[in-house]
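>>> predicted model and sequence follow; I will ask about them next.
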Amino acid sequence: MADFLQNCLDGIAIGAAYALLALGFTLIFGVLRRLNLSYGPSIMAGVFAGTAAYMAFNAGLAEVAIATVIGAVVVGAYIERLCFWAIRKDMAVASMVSSFVIWMQIEEGVTLLFPDRTYAFPGILADSVVEFGPFFLRASSLAMLAIAALAVLGLLALIYRTHFGLAVRAVSENPEAARVAGVNTGLVTLLAFACASALGGLAGFLIAAGDQQITPLFGLWATFKGLIAMMLGGMGSIPGAVLGGLLLGTVEANALWYLGVETRDLIAYMLLFAVLTFRPGGLMGQAALMARRAAESRV
Amino acid sequence: MLEVEGLVTNYGMIEALKGVDISVPEGRITCVLGPNGAGKTTLLMTIAGLLRPRRGSVTFEGRDITGASSAAVVRRGIALVPENRLVFPDMTVRDNLVAGAYTRLARERGEAMADLDRMFERFPVLKERAALNAGTLSGGEQQMLAVARALMTKPRCLLMDEPSLGLAPLIVAEVFSIIRELNEAGTTILLVEQNAHMALTVAHHFFLLDQGRVAFDGDPGAMAEDEVIQRAYLGSAGG
């Protein structure tokens, strides 16, 4: 039992970072109803921008974090203009395929600039351990949890308490009605994309700081984790993204402890299949799906 | 107030408007009638900036607004109540109305919030439902919400696309009395309708649209109602 709880604690810490990735995915899916496969690679490019700042200028932790977020936002905006803004709205598959093509471009570009594959990344708070009674957590995991929680609260405040958030929700629910209400949907989409990239950049920074290293494969990893966490929680659902991230983190941590590293990802994919089979809309997406159907049938 | 000249708009591959001229005088209710596929919705969507015309011009209060973005058109003082309401179903009634005032929130938030209270006074049913998601409202209530949301932009000219569509007769009568009230309060209205009988009871002037062209225009007395209704449903082909 104590092992299980300790695993859950570790799982929640990494799950908090998954939740940030899933939130970014869900924000983009919400405003565009299209998948951005290049989300992970844009974060990876941001992390390499952070590494570059660290290596070239011996930048401090805060500066590395800022460089990572800015890098992710710049690459994210590039993806938005090329794969989503320039491609017609009803061409969802064309957007998805081109976001895959950009993925390859980003990965190649980063590999050209950073030919050694694996680079050092500064860690948070050297590896001290914080104890809670019988349980303990790495200080970096605790920092990850705290920063991710703040970021989620910030995002919720942005989406539910500001004019910009109102516009994002309006565009997510009905882009045409949003245009009728005078919302500049193109600008709102670009800014929502930038917010998603900033969240992703923060998640990338936290994860890379925990691992203290980075490779170009991080892009693939981030897209996988974010996509799975989002699908678990329900596409386009903000609470679902948080739940999906935490769930994925705890399940992975327990699978790692009880079954070993070889089966960890296998269990995560099985969990995804089980959820999608029994609740195709995801854990939290189902309610929204039903409400939307009911509303449409009434019109 | 609103002048449309030689408007040509494609909807997908189809040329939906083939050179439409209409004029909407200030303070009046102008109706556009016509069968399905005549181009009525395309006309309103082009004026509202949701579709770009291929040729022709739209002038509002002497200013050319041809091809302007929907946000710019809203800021100029034209609001559209779209076909099928198009409310935001998972947002509360209140947030739907605030979203309607989106273009005003940055500069005149106080005034917009005062308008919100006025809207609740005018449509008490929306006040009762303020905290509910718009998707849970009945069709009639959603239509009230769509009208109120458009009014939140503080329009001088209101474009209404089939406001009676899918509503019970009693609710239709209510919607039309609201249209008349709004007009008496000074709002210019351009109304597109299938329900020619109801439309003619409020219209000061009407246009018959058929296959992307204006087939007739006159005051409600200028043509026998039976004939208007027949042509509004069937077009010239049916007559």
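That came through fine.
>>> who does B:Leu209 form a beta bridge with?
Partner residues in beta bridges with B:Leu209, using DSSP bridges, are B:Val214.
>>> now the phi/psi pair for the closest residue to chain B within the stretch 101-250 of chain A, please.
Closest to chain B within the stretch 101-250 of chain A is A:Gly182: 3.3 Å, counting by Cβ to the nearest Cβ. To be clear about C-beta, it is placed using only N, CA and C from the backbone, and glycine gets the same treatment. For A:Gly182, the backbone dihedrals are phi 90, psi 20 (criterion: degrees, to the nearest 10).
>>> could you do B:Asp21 as well?
Main-chain dihedrals, B:Asp21, degrees, to the nearest 10: phi -120, psi 120.
>>> excluding sequence neighbours, find me the nearest residue to it.
Setting aside the residues directly before and after it, B:Asp21 is nearest to B:Glu5 in space (Cβ to Cβ, 6 or more residues apart in numbering or on different chains), at 5.4 Å.
>>> returning to what we had before: how much space between the closest residue to the residue of the stretch 101-250 of chain A closest to chain B other than its chain neighbours and B:Phe120?
Spatial nearest neighbour of A:Gly182, excluding adjacent residues (Cβ to Cβ, 6+ apart): B:Val74 at 3.3 Å. When Cβ to Cβ, to the nearest Å is applied, the distance between B:Val74 and B:Phe120 equals 22 Å.
>>> more neighbours: those two, which one.
When B:Val74 and B:Phe120 are compared for neighbours, B:Val74 comes out ahead with 27 against 18, by other Cβ atoms under 10 Å in any protein chain shown.
>>> hang on, the more buried one packs against B:Ile47?
No. Distance between B:Val74 and B:Ile47: 11.7 Å, which falls outside the contact criterion (Cβ atoms under 8 Å).
>>> show me the contact partners of stretch A:98-110.
Contact partners of stretch A:98-110, identified using Cβ atoms under 8 Å, 6 or more residues apart in numbering or on different chains, comprise A:35-38, A:40-42, A:44-45, A:48, A:75, A:78-79, A:82-84, A:87, A:216, A:219, A:223.
>>> and the residues you listed, which of them are in helices?
A:40-42, A:44-45, A:48, A:75, A:78-79, A:219, A:223 (DSSP state H).
>>> in JSON lines, list those along with pLDDT, neighbour count and distance to chain B.
Formatted as JSON lines, the entries for the ones in helices among the contacts of stretch A:98-110 read as follows, by pLDDT from 0 to 100; neighbours: other Cβ atoms under 10 Å in any protein chain shown; distance: Cβ to the nearest Cβ, whole Å:
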{"residue": "A:Gly40", "pLDDT": "94", "neighbour count": "28", "distance to chain B": "28"}
{"residue": "A:Pro41", "pLDDT": "96", "neighbour count": "29", "distance to chain B": "31"}
{"residue": "A:Ser42", "pLDDT": "95", "neighbour count": "33", "distance to chain B": "28"}
{"residue": "A:Met44", "pLDDT": "96", "neighbour count": "31", "distance to chain B": "33"}
{"residue": "A:Ala45", "pLDDT": "96", "neighbour count": "29", "distance to chain B": "32"}
{"residue": "A:Phe48", "pLDDT": "96", "neighbour count": "29", "distance to chain B": "37"}
{"residue": "A:Val75", "pLDDT": "95", "neighbour count": "26", "distance to chain B": "28"}
{"residue": "A:Tyr78", "pLDDT": "94", "neighbour count": "17", "distance to chain B": "24"}
{"residue": "A:Ile79", "pLDDT": "93", "neighbour count": "27", "distance to chain B": "24"}
{"residue": "A:Gly219", "pLDDT": "94", "neighbour count": "25", "distance to chain B": "32"}
{"residue": "A:Thr223", "pLDDT": "93", "neighbour count": "26", "distance to chain B": "27"}
